[in-house]
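Q: Attaching a predicted model along with its sequence, questions to come.
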Amino acid sequence: MKLRDLLDIPPAMRLILLLGVVSLFGDIVYEGARSVSGPFLLALGASAFTVAWISGLGEFIGYGVRMASGYVADRTGNYWTLAIAGYLMIGAIPFLVFAGSWQAAVVLLLVERLGKAIRSPAKDAILSHAAHKVGRGWGFGVHEALDQVGAVAGPLVFAASLAVSGGYREGFALMAIPFVLLVASLLLAWRKVPDPASLERGSESSHQEGRNLRVMVPYGAFTALTMAGFLVFPLMAYHFSAAGTVPDAQIPVFFAVAMATDALCALALGRLYDRAGLAVLLLIPVANIPIAPLAFSFGYGGALAAAVLWGISMGGQETILRAALADLTSVKKRGFAYGIFNALYGGAWFAGSIVSGLLYEFDLIALFSYSILMQLAALGVFFWLRKGVGGAGGKSPVAG
């Protein structure tokens, strides 16, 4: 598709595609860095527990601060300002080329995560307005698929860099190129659709607020339990490297496989959500259950299978959870709702990553048991959530 054709399509899909391109370039930068952050910190002298809790802290910052940024977005209405400011903080990643210690590297990695926290509620609110016109699941699915194209490309850049140079710094230096393209794409999206809320004004259901109260508590509980038992990829990558399960040069490729799986599943799950509704959430904990045993106990093949399942789970989290939240919340409180929800999401993942890191160093059987127990609990909570939706039989809140 030519740029001229892109700009001639309806505003809603234009915005979805432009934001997808922004995320594509952003993911080349920060997912590329995330694919090697575990081995990179290991090379700088960090321990397994340090990698696990720093990764969890990064995710907590990336989600926990969203409550404040979402509130500010709703109060001020400056969604684009917050989105642009947050995306600019991805520029911390190319500076990892200068990191001489794991402490310095951690600071830069956390700056990038803070930027994600600042931009995400505003960006999700902007995207939700556009997705209203094409189907929530499909809109978020298309965006996630484009997002994951970048998430695949970034790790492959590092894989090529490691294969050619044997070091990480060359890969970080290359990240300056997609960062510049990200900024250009973001400014174009803002210029073409400066008022995305206009795409959804006047369409809100009068009984939506009452349904919100019935559903959001079990919805949050389901999310928290699922994420508490979901492994951070850097811990898996740390094990692949430390145990010699996967050659270091192939670890970014495994992450790329996970991201490609995420992209494909996002499209399929997005369509499925628009047709079947919340029932597709069951696929997330089901995919999570075998990840820990496969990653840590079944060699190269198990590691690859774990990466695929990790990607399936991420595809569901990034598509279904975000789409359903838009269907359950009012337009005027959308940014704050995304902030609260993602704070819970990140907080549970952070707490779970600390537990996982400790159990990894203590006993792998205990780690397997913990991860599986959290997913089984999430499956139980799903039926509470389904009942709360009402007589829709698990269908989308919109359909119900």
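A: Alright, I've got the coordinates.
Q: Without its sequence neighbours, what residue ends up closest to the residue nearest the centre of the chain?
A: The residue lying closest to the centre of the chain (Cα atoms, centre = their mean) is Glu318, at 5.4 Å. Sequence neighbours aside, Glu144 is the residue nearest to Glu318 in space, at 4.8 Å (criterion: Cβ to Cβ, 6 or more residues apart in numbering). Where you see a C-beta, it was placed from the backbone N, CA and C, and this is true even at glycine.
Q: circling back: help me confirm that the residue nearest to the centre of the chain comes into contact with Asp147.
A: Yes - with contact defined as Cβ atoms under 8 Å, Glu318 reaches Asp147; the gap is 7.5 Å.
Q: Can you tell me the element Pro234 falls in?
A: Assigned by DSSP states H and E, Pro234 falls within helix 233-242.
Q: buried stuff in the next helix or strand after that helix?
A: For helix 233-242, the following helix or strand on the C-terminal side (DSSP H and E) is helix 251-276. Neighbour-count burial for helix 251-276, counted by 16 or more other Cβ atoms under 10 Å, picks out 251-263, 265-274, 276.
Q: start to end distance for stretch 56-73?
A: Across stretch 56-73, the terminal residues are separated by 25 Å (Cα to Cα, to the nearest Å).
Q: what's the answer for stretch 79-97, then?
A: Stretch 79-97: ends 32 Å apart by Cα to Cα.
Q: picking that back up, element containing the residue nearest to Glu318?
A: Taking DSSP H and E as the criterion, Glu144 maps to helix 136-165.
Q: Now do that helix: which elements does it pack against?
A: helix 11-43, helix 102-134, helix 169-174, helix 251-276, helix 322-328 (3 or more Cβ pairs under 8 Å, 6 or more residues apart in numbering; DSSP states H and E).
Q: would TSV of those helices with distance to Phe233 and mean pLDDT be doable?
A: Shown next, in TSV, are the helices and strands packed on helix 136-165 (distance: least, Cβ to Cβ, whole Å; pLDDT from 0 to 100):
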stretch	distance to Phe233	mean pLDDT
helix 11-43	7	86
helix 102-134	13	87
helix 169-174	17	86
helix 251-276	6	86
helix 322-328	20	78
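Q: residue ranges of the helices in the stretch 301-400 of the chain, please?
A: 322-328, 334-362, 364-389 (DSSP state H, counting those that start in this stretch).
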